[in-house]
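Participant: Let's see this in three dimensions:
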Amino acid sequence: MPSFKFHFQEIDWVIYVPSHGNDGRKYDKYGVDYNDRSGKSTQSGRKESLKDVLSKTQISKKYPHTVGFFLASKGRGPTWKPDYLRTKMIRSKRGFHAFLKELNL
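Facilitator: Predicted coordinates:
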């Protein structure tokens, strides 16, 4: 299933928002996946709520974040490069929700 991807550049995390399955939910309740590229870890098993992912210390204690929105990327590991469609400075969880709204997600 395709997803909308958000790269938190300073901490090298990617949050994946599925293109289907979150219809009618508030942003905090969105089911998402994430990848901590710097720590080389992901969540185990099921999707987590966007609220839980944004509450993780690596994100919540290190605002502001430069977040790049992308659909595709090239390369792997150290040569990985996302093709950003848009980037934005995010200063809070509310700011990330506003970014999602701007993108009509």
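
Participant: got the contact list for Val32?
Facilitator: By CB atoms under 8 Å, 6 or more residues apart in numbering, the residues touching Val32 are 15-18, 47-50, 53. (Each C-beta comes from the backbone N, C-alpha and C, glycine too.)

Participant: neighbouring strands for the helix or strand harbouring it, and are they parallel or not?
Facilitator: Take DSSP states H and E as the rule and Val32 turns out to sit in strand 31-36. Strand 31-36 sits in its sheet next to strand 13-18 (antiparallel), strand 41-42 (antiparallel), strand 48-49 (antiparallel), going by DSSP bridges.

Participant: What residues sit buried inside stretch 31-40?
Facilitator: Buried residues in stretch 31-40, counted by 16 or more other CB atoms under 10 Å: 32-37.

Participant: Quick check: beta-bridge partners of the residue nearest to Val14 when sequence neighbours are not counted?
Facilitator: Nearest residue to Val14, sequence neighbours excluded (CB to CB, 6 or more residues apart in numbering): Asn35, at 4.7 Å. For Asn35, the beta-bridge partners under DSSP bridges are Val14, Thr42.

Participant: how near is Asn35 to Lys56?
Facilitator: Asn35 is 12 Å from Lys56, where distance means CB to CB, to the nearest Å.

Participant: Name the SS class of Lys62, please.
Facilitator: Under DSSP: H, G, I helix; E, B strand; the rest coil, Lys62 falls in the coil class.

Participant: Once you drop chain neighbours, what's closest to it?
Facilitator: Per CB to CB, 6+ apart, closest to Lys62 is Ile11, 6.2 Å.

Participant: Wait, a strand at the one you found?
Facilitator: No. Counting by three-state DSSP, Ile11 falls outside a strand, being coil.

Participant: Now list the buried members of the contacts of Val32.
Facilitator: Buried members of the contacts of Val32, counted by 16+ other CB under 10 Å: 15-17, 47-50, 53.
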